[in-house]
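# using only what follows, build the 3D model:
(chains A, B, C and D)
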Protein chains: 2
Amino acid sequence: MKGRDVVLGLLNTKSRSGYEIKEIVEDQLAYFFDASIGMIYPTLRNLEKEGKIQKTRVYQTDKPNKNVYTITDSGKKEFAQYLKSPIAQDIYKSDCLMRLYLGTELSDKEITHLIQQELKHKQELLQHLQDSYQDWQSKGMNKRQKITLDYGIATYKAAINALESAKQDLQP
Amino acid sequence: MKGRDVVLGLLNTKSRSGYEIKEIVEDQLAYFFDASIGMIYPTLRNLEKEGKIQKTRVYQTDKPNKNVYTITDSGKKEFAQYLKSPIAQDIYKSDCLMRLYLGTELSDKEITHLIQQELKHKQELLQHLQDSYQDWQSKGMNKRQKITLDYGIATYKAAINALESAKQDLQP
DNA sequence: GATGGCATGTAATAAGTTACATGATTCA
DNA sequence: TGAATCATGTAACTTATTACATGCCATC
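Modelled structure (predicted):
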């Protein structure tokens, strides 16, 4: 799964502008697709150059004008091929766990602080996902999208529990 | 957290060869550090060129000879700086969840198959982590490293549960 | 003599990230 | 008039990945 597959997949459902793609990636895909937003416009540009999508200028009076991209047959073909390809394994990188593993020089106090910080961050992310529930539903969430949300909430909760018991184990 | 921080951190504890680093990354860090093994030798080369580590040739009779790398003061300084830097947020990318989200064209049967595959894969990963427990302990696992293992097991279990209930919800 | 584990590397390519750069419109 | 939101893009750089490439040693 690459950035271009995601952009193509979002345009496969309906035509959208770069900004609209950015909003979806930030609000709805962020949990299972960590990509910098900066990737979107370069990707759109490449896809257009390759004839996978087509740009249309849309003039707006209440907002700045925008470019709306529509997927082409060639683009649909590429996306269908992605869906047929073998599932790529998850990519997970945790700086916090790495520091726990490598930070033999850190004091117990520093480690506790590290865990506390991570805990706070994960709690915020969980809260955000839980808040999304209603928001998604109003925008029309299908069964499959609900699975992704439930999955995210479940794993955040597990991570929070693990960090909490780690914190307690470190307490003297 | 970049590849070089990890290599530097592993050499900060003790001198090792590229192959030894590869084994640790595969066996012990794989859960929270998805990086291709191909990155190790290029990274060692760069770090040596920058004077962060030093190479020593070790001659072996029972095995092929190897290059053992030792961290320098400059390298220790860089690693200490990494430990002081702000924690980077987790990176997570799930091809399976992305397909659930984007695969509006897939049939329920195809979706169930997708989940089944992911389930099987996660169960294998969990089994592998659980098997690691004894192995790690014999090699000297410290309290902090144990946290990373427990965390990994907890989140895999949560993921498996989420996939199992998703599978049941899709059943007619 | 074949297989599997130990051992190391390079060149080329792809992908992702950061920093830079701009500008319209709305609302307080 | 200043902040927030909507809106788009490029150039340069860093990083990661892939494919290629080699060869020793032990054991079966």
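# how many neighbours does A:Lys122 have?
As a burial measure, A:Lys122 scores 20 neighbours (other CB atoms under 10 Å in any protein chain shown). Placement of C-beta: from N, CA and C, glycine included.
# would you check that A:Glu78 makes contact with A:Leu8?
Yes. Counting by CB atoms under 8 Å, A:Glu78 does reach A:Leu8; the two are 6.2 Å apart.
# can you list residues touching both of the two?
A:Lys52 (CB atoms under 8 Å, 6 or more residues apart in numbering or on different chains).
# more neighbours, the two?
A:Leu8 (23 against 18).
# excluding residues flanking it in the chain, which one is nearest the more buried one?
Residue nearest to A:Leu8 in three dimensions, not counting chain neighbours: A:Phe79, with 4.6 Å by CB to CB, 6 or more residues apart in numbering or on different chains.
# for the one you found, which residues are in contact?
Contact partners of A:Phe79, counting by CB under 8 Å, 6+ apart, are A:Asp5, A:Leu8, A:Gly9, A:Asn12, A:Ile71.
# do you know how far it is from DNA strand C?
15 Å (CB to the nearest atom of the strand, to the nearest Å).
# what helix or strand is that residue on?
Element membership of A:Phe79, judged by DSSP states H and E, is helix A:73-84.
# residue nearest the centroid of chain A?
For chain A, the residue nearest the mean C-alpha position is A:Ala30 (2.2 Å; CA atoms, centre = their mean).
# was I right to think A:Lys52 contacts A:Asp73?
No. The pair A:Lys52 / A:Asp73 is not scored as a contact, 9.4 Å apart, by CB under 8 Å.
# more neighbours, those two?
Between A:Lys52 and A:Asp73, counting by other CB under 10 Å, A:Lys52 is the more crowded of the two (23 against 9).
# spit out the contact partners of that one.
For A:Lys52, the contact set (CB under 8 Å, 6+ apart) comprises A:Leu8, A:Ile71, A:Thr72, A:Ser74, A:Gly75, A:Glu78.
# and it, its phi and psi?
phi -90, psi -20 (degrees, to the nearest 10).
# where do the helices of chain A begin and end?
Along chain A, counting by DSSP state H, helices occupy A:3-13, A:18-24, A:40-49, A:73-84, A:95-102, A:108-139, A:143-170.
# right, is the fifth one up against chain B?
To tie it back to what came earlier, the one meant is helix A:95-102. Yes. Helix A:95-102 reaches chain B (CB under 8 Å from any CB of the partner chain) through A:Asp95, A:Cys96, A:Leu97, A:Met98, A:Arg99, A:Leu100, A:Tyr101, A:Leu102.
# including neighbour count and pLDDT, could those residues go into a markdown table?
Formatted as a markdown table, these follow (neighbours: other CB atoms under 10 Å in any protein chain shown; pLDDT from 0 to 100):
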| residue | neighbour count | pLDDT |
| --- | --- | --- |
| A:Asp95 | 22 | 95 |
| A:Cys96 | 25 | 96 |
| A:Leu97 | 25 | 96 |
| A:Met98 | 21 | 96 |
| A:Arg99 | 25 | 96 |
| A:Leu100 | 25 | 96 |
| A:Tyr101 | 23 | 95 |
| A:Leu102 | 23 | 94 |
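# those: which ones sit near DNA strand C?
For DNA strand C, no contacts are drawn from the residues of helix A:95-102 next to chain B by CB under 7 Å from any atom of the strand.
# what's the closest of those residues to B:Ile160?
Minimum distance to B:Ile160 across those is 19.4 Å, recorded for A:Leu97 (CB to CB).
# I figured that closest one hits B:Lys146, correct?
No. Applying CB under 8 Å as the test, A:Leu97 and B:Lys146 come out as separate, 11.6 Å apart.
# list the buried residues in the worst-scoring helix or strand of chain A on mean pLDDT.
The least trusted helix or strand in chain A, going by mean pLDDT, DSSP states H and E, turns out to be helix A:108-139, with a mean of 90. Residues A:Ile111, A:Leu114, A:Ile115, A:Glu118, A:Leu119, A:Lys122, A:Gln123, A:Leu125, A:Leu126, A:Leu129, A:Ser132, A:Trp136 are the ones in helix A:108-139 that count as buried (16 or more other CB atoms under 10 Å in any protein chain shown).
# intersection of neighbour lists for A:Lys52 and A:Asp73?
By CB under 8 Å, 6+ apart, no residue touches both A:Lys52 and A:Asp73.
# rewinding a little: distance to B:Ile153 added to the helices of chain A, as a markdown table?
A markdown table is the format used below for those (distance: least, CB to CB, whole Å):
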| stretch | distance to B:Ile153 |
| --- | --- |
| helix A:3-13 | 30 |
| helix A:18-24 | 33 |
| helix A:40-49 | 36 |
| helix A:73-84 | 31 |
| helix A:95-102 | 12 |
| helix A:108-139 | 17 |
| helix A:143-170 | 8 |
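# can you say which of those helices is nearest to B:Pro42?
Nearest to B:Pro42, of the helices of chain A and by CB to CB, is helix A:95-102 at 19.4 Å.
# domains of chain A?
In terms of domains, chain A is parsed into A:3-84, A:95-169 (source: automatic domain parsing).
# span of the last one from start to end?
Read it as domain A:95-169. Counting by CA to CA, to the nearest Å, you get 21 Å between the two ends of domain A:95-169.
# is any residue of it near DNA strand D?
No. Remark: domain A:95-169 sits outside contact range of DNA strand D, by CB under 7 Å from any atom of the strand, the gap being at least 11.2 Å.
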